[in-house]
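Just the structure for this:
(2 chains)
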Amino acid sequence: MSTHRELDDMLGTRWRKPHFVTNPLLRWGLIVGFIAYMIAAVMTIEVDWGRVYEGLDRGWQFILAFTKPDFVSRAGDIWEGLLESIVMTVAASVVGILISIPIGLGAARNIAPLPVYVICRGIVAISRALQEIIVAILLVAIFGFGPLAGFLTLSFATIGFLSKLLAEDIEAMDKVQAEAIRASGAKWMQWINYGVQPQVMPRLIGLSMYRIDINFRESAILGLVGAGGIGATLNTAFDRYEYDTAAAILILIIGIVMALEYLSGIIRARVQ
Amino acid sequence: MLRLQKLTKTYKTGDQALKAIDLDVPKGQVLALIGPSGAGKSTMIRCINRLVEPTSGAVLLDETDLTKLGSGALRRARREMGMIFQEYALVERLTVMENVLSGRLGYVGFWRSFLRRYPQSDVDEAFRLLDRVGLLHMADKRADELSGGQRQRVGICRALIQNPKLLLVDEPTASLDPKTSRQIMRLITELCRERGLAAIINIHDVALAQMFVPRIVGLRFGEIVFDDVPSALTPETLTEIYGEEDWEATIEKVDDEDEEFEAAE
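Model (predicted):
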């Protein structure tokens, strides 16, 4: 009985989980190489300690400004920037979400034919490959300074984000539920409405809320390259070394993002 | 009424799931399809309404060859065939009523279905069916709140509201307890009798099939190896369908119980 002899041989021997990389030479090579790279990488970072010493003071001033944020002296500018950002965020999110739903459907391999899939995935890839700032710089160059460039940038970025995640959720849906709807003789749109949509709706709503939140934060960054919104106000405040006004703006941004986060939590709990 | 002619399905991997199946189902006949896992039972049922595309052969439903239909005609043909699924396949996040009414999707336009404004006759029929299976009070519950047996009864309503000529039933009792399984099988066969429906019930519980169904077809490796009344099933035929095993207990369970009972007396 060969199996029993093998068992006898194994009894009393130690057992260890097999290594992820089985070849010991390759394994140790990878470990040593990684450590060497880390040491080399850290050594190439030049630190000017004198500059850090000077900078500490400036950083401290900035942090101190948070203890006495100035909402008042530039209230008009802040209010205007904030309103512009909110309008930009809401408009870009609505437009972006509406466009990403059909593209998301097309980018799900289990419901879209191959040519449609390739085109929609292509759109998603382009949108995701181009970073918001780069798109914003381009669009500011085309449309000039102001919130229109910001609105277009955020819509474009929303499409890449939401279509991709929606498509992935559709690809992970339960096939039989959709199959059952198809078996009733439903048309394609009815099939999507009854067999697919109910399954992905909670995630679509959750992702949309998340994207609104991202879009608001992005709108603050886009102002730095001239795409309007609260970011432009923030940039001006920094340029004038008005850290107290900048602090006020940052506090407002943080407050709004947190409020959005709280709101999206409530909404997601409701749609489960 | 339904005739399969040399129905063949070869998957891309080269597996022959169905090898030239010939089968005739007259109007109003309920038949059980038995066979081991992987014998092609599910594939056969799905080839009939083309949820799976057959490779060759014909599926004749009242002289229409379903395998030759374009997408529009296929949708109209699917209305004639109600399907009941293993694990129920209800859309879990829709209500019971929406699930039942989804059986009418082949008949109503997109906007009507999208706005959930079905014709009153459909709504009434849905209420009648739910009442028939004892779930009228659950109409506005979400499907995922129901128990297994309840879900399958909703699945039955969804298939019947299509007003089909034929029911395709895929493992209706696979995840149900023995008592609920019997209730579901009884309900399906009763409803078929009431409405004069033909049905192909794909089932792996041989004893349950014998109990409720007048004709049994055995499938093995994509071929029909048995087609007869339930009483013709013997340990030999079961061995041919499923392979070697002790079959006495499966077939003569009812008799055994009687004998034990007599012996006890």
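
could you list every residue that touches A:Pro198?
B:91-94 (C-beta atoms under 8 Å, 6 or more residues apart in numbering or on different chains). C-beta here means a position set from N, CA and C on the backbone, and glycine is covered the same way.

pLDDT score for B:Phe261?
B:Phe261 carries a pLDDT score of 40 in this model.

same thing with B:Val229?
pLDDT, B:Val229: 90.

Quick one: neighbours of it, just the number.
B:Val229: 11 surrounding residues under other C-beta atoms under 10 Å in any protein chain shown.

can you give me phi and psi for it?
phi -70, psi 160 (degrees, to the nearest 10).

got the contact list for the closest residue to chain A within chain B?
Per C-beta to the nearest C-beta, B:Gly106 is where chain B lies closest to chain A, at 2.7 Å. Neighbour list for B:Gly106: A:184-186, B:75-76, B:78-79, B:162 [criterion: C-beta under 8 Å, 6+ apart].

Secondary structure element holding it?
For B:Gly106, there is no host helix or strand (DSSP states H and E).

My read is that A:Ala112 contacts A:Ile119, right?
No. Using C-beta atoms under 8 Å, A:Ala112 is not in contact with A:Ile119; the gap is 9.3 Å.

Please identify which of these two sits among more neighbours.
Just comparing A:Ala112 and A:Ile119: by other C-beta under 10 Å the higher neighbour count belongs to A:Ala112, 19 against 14.

how much space between the more buried one and A:Met209?
From A:Ala112 across to A:Met209, the span is 26 Å (C-beta to C-beta, to the nearest Å).

now A:Ala65
31 Å.

and B:Gln5, that one's in a helix?
No. If the criterion is DSSP: H, G, I helix; E, B strand; the rest coil, then B:Gln5 is strand and not within a helix.

picking up where we left off before, shared neighbours of A:Ala112 and A:Ile119, anything?
A:Gly106.

which residues of the stretch 151-265 of chain B score low on pLDDT?
B:251-265 (pLDDT under 70).

so after the longest helix along chain B, what's the next helix or strand?
The residue-count maximum for a helix in chain B (DSSP state H) belongs to helix B:178-195. Under the assignment DSSP H and E, the closest C-terminal helix or strand after helix B:178-195 is strand B:198-202.

Run through the neighbouring helices and strands of that following strand.
Under the contact definition 3 or more C-beta pairs under 8 Å, 6 or more residues apart in numbering or on different chains; DSSP states H and E, strand B:198-202 sits against strand B:30-34, helix B:41-48, strand B:166-170, helix B:178-195.

Next, the angle from the helix or strand harbouring B:Gln152 to strand B:198-202.
Using DSSP H and E, B:Gln152 sits in helix B:148-160. Relative orientation of helix B:148-160 and strand B:198-202, computed by axes from the mean of the first three to the mean of the last three C-alpha atoms, to 10 degrees: 140 degrees.

Could you tell me the end-to-end distance of stretch B:38-52?
End-to-end distance for stretch B:38-52: 15 Å, by C-alpha to C-alpha, to the nearest Å.

Do that stretch and chain A come into contact?
Yes. Using C-beta under 8 Å from any C-beta of the partner chain, we find that stretch B:38-52 touches chain A at B:49, B:51.

What residues of that stretch count as buried?
If you call a residue buried by 16 or more other C-beta atoms under 10 Å in any protein chain shown, then stretch B:38-52 has these buried ones: B:39-52.

Spell out which residues of chain A are next to chain B.
So chain A meets chain B at A:174, A:176-177, A:179-187, A:189-191, A:193-195, A:198-199, A:201-202 (C-beta under 8 Å from any C-beta).

again, 10 Å this time
Along chain A, the residues adjacent to chain B under the rule C-beta under 10 Å from any C-beta of the partner chain are A:174-202, A:271-272.

now these: which count as buried?
Buried positions within the residues of chain A next to chain B, assessed by neighbour count (16+ other C-beta under 10 Å), are A:176-187, A:190-200, A:202.

which residues sit in contact with whatever residue of the stretch 1-150 of chain A ends up closest to chain B?
Per C-beta to the nearest C-beta, A:Pro113 is where the stretch 1-150 of chain A lies closest to chain B, at 12.1 Å. Residues near A:Pro113 by C-beta atoms under 10 Å, 6 or more residues apart in numbering or on different chains: A:Gly106.

and what of A:Met88?
A:Met88 neighbours (C-beta under 10 Å, 6+ apart): A:146-155, A:215-216, A:218-219, A:222-223, A:227-231.

Now do the helix or strand it falls within, average pLDDT.
According to DSSP H and E, A:Met88 maps onto helix A:75-106. Mean pLDDT, computed over helix A:75-106, is 93.

Now intersect the contacts of B:Gly106 with the helices, please.
B:75-76, B:78-79.

Going through these, which ones are buried?
Using 16+ other C-beta under 10 Å as the burial test, these include B:75, B:78-79 as buried.

Closest one to B:Leu61 out of these, please.
Distance to B:Leu61 across these (C-beta to C-beta) is lowest for B:Arg78, with 10.2 Å.

On the pLDDT front, check the nearest residue to the closest one once chain neighbours are set aside for me.
Once flanking residues are discounted, B:Arg78 sits nearest to A:Gly185: 3.7 Å by C-beta to C-beta, 6 or more residues apart in numbering or on different chains. At A:Gly185, the pLDDT value in this model is 91.

Could you do the one 5 residues further on as well?
Per-residue pLDDT puts A:Gln190 at 94.

which residues touch it?
Here A:Gln190 is in contact with A:181-182, A:184, B:75, B:102, B:105-106, B:108-110, B:112-114 (C-beta under 10 Å, 6+ apart).
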